[in-house]
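# All I have is the shape, not the residue letters:
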């Protein structure tokens, strides 16, 4: 029987990977800081290992006996200092590499399409894994930390330290979402939602179960070692689709309010200046690109994952989106 350690197991992607592994018959261990708060993972079939990425003894104990590590733990927030992102995402990943190598375990690293940088998106052709990585703004803390941590992982494979692969999802949704669905839902509960370009653009969106599927497939594919895979589009979903299907999950009517792109750009530029004045540099850096994110079509292709991993997502948005919003409404605090 295969035995896996999942870091970030209480998060959305990590918990979906736990569920998928248990369903597939793996023996699963979840690295958690608080075993009481994570008791539901035990009920789901995982063994709980109390520890922290940067506590060497607890991490090595958790990895011991495992043949695969799924590294999902990361700081995702749009705010915070570079030191926080470096500590959580880069130093944490380096510790996981060392521990996995010491246990002779494979490493599946959860990266992000953020590694491409804004300059690599919205080109004449879809962004694939061979697209050169564009320079990153100094204050793009999340993107910088994910790029550096991914480099650590793939370099470790290249030097023979361990077998590793990296996965690059975009915006992820599903049950236990703490990022995308809550942000949409809080606006939608007002009964209105702003739509740039009439909400017709296709989002860079993927269900958490599809990310879990890609992670398990990559772990089992010898040829995936040393390579990165976009998991960036399972089914096409426009912004208007997201609002309509989300409103179904919330059980309320939401009216889309068209906003012209010039007005949207000026508004978000002003918000970025306010964030800058509040010393929220990471947020200030992200705000102007929000208009592109929700007004331009998904720039990524996941053909490599489909061809090489046999990645074929099954949770359709007509089911997954209402379910995610309904789950948020029932469990929000």
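That came in fine, so what should we check first? Everything numeric here is computed off the predicted structure, so don't read it as measured data. Numbers count the residues shown, from 1 in each chain.
# Which parts of the stretch 151-300 of the chain are strands?
For the stretch 151-300 of the chain, applying DSSP state E, counting those that start in this stretch gives strands covering 164-168, 171-173, 192-196, 205-207, 228-230, 255-259.
# could you dump those to JSON lines with mean pLDDT?
As requested, these are exported to JSON lines (pLDDT from 0 to 100):
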{"stretch": "strand 164-168", "mean pLDDT": "98"}
{"stretch": "strand 171-173", "mean pLDDT": "97"}
{"stretch": "strand 192-196", "mean pLDDT": "94"}
{"stretch": "strand 205-207", "mean pLDDT": "97"}
{"stretch": "strand 228-230", "mean pLDDT": "98"}
{"stretch": "strand 255-259", "mean pLDDT": "93"}
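# Nearest to residue 330, out of the ones you listed?
strand 171-173 (15.6 Å; Cβ to Cβ). The way it works is simple: take the backbone N, C-alpha and C, and place the C-beta from them, glycine included.
# Partner strands of that closest one, with direction?
strand 205-207 (parallel) (DSSP bridges).
# Show residues contacting the strand it pairs with.
Strand 205-207 is contacted from outside by 169-174, 231-234, 237, 242, 298, 313, 315, 317, 320, using Cβ atoms under 8 Å, 6 or more residues apart in numbering.
# just stretch 143-163 next, same as before
With Cβ under 8 Å, 6+ apart as the criterion, stretch 143-163 contacts 71, 74-75, 82, 85-86, 88-90, 92-94, 97, 100-101, 104-107, 109, 111-112, 114-115, 117, 133, 136, 164-166, 225-228.
# One more pass at 6 Å, please.
85, 89-90, 93-94, 97, 100-101, 106-107, 109, 111-112, 114-115, 136, 164, 166, 225-226 (Cβ atoms under 6 Å, 6 or more residues apart in numbering).
# can you check stretch 295-307 too?
113, 121-122, 126-129, 196-197, 201-202, 204, 214, 229-233, 311.
# now swap in stretch 317-326 and tell me
Contacts for stretch 317-326 (Cβ under 6 Å, 6+ apart): 173-174, 177, 181, 185, 207, 235, 237, 245-246, 248-250.
# so what's residue 214 up against?
167, 231, 305, 311.
# follow-up on the earlier one: of the contacts of stretch 295-307, buried ones?
The neighbour-count test (16 or more other Cβ atoms under 10 Å) marks 113, 121, 126-127, 129, 196-197, 201-202, 204, 214, 229-233, 311 as buried among those.
# can you give me the helices in the stretch 101-250 of the chain?
Assigned by DSSP state H, counting those that start in this stretch, the helices in the stretch 101-250 of the chain fall at 141-158, 180-188, 208-220, 239-250.
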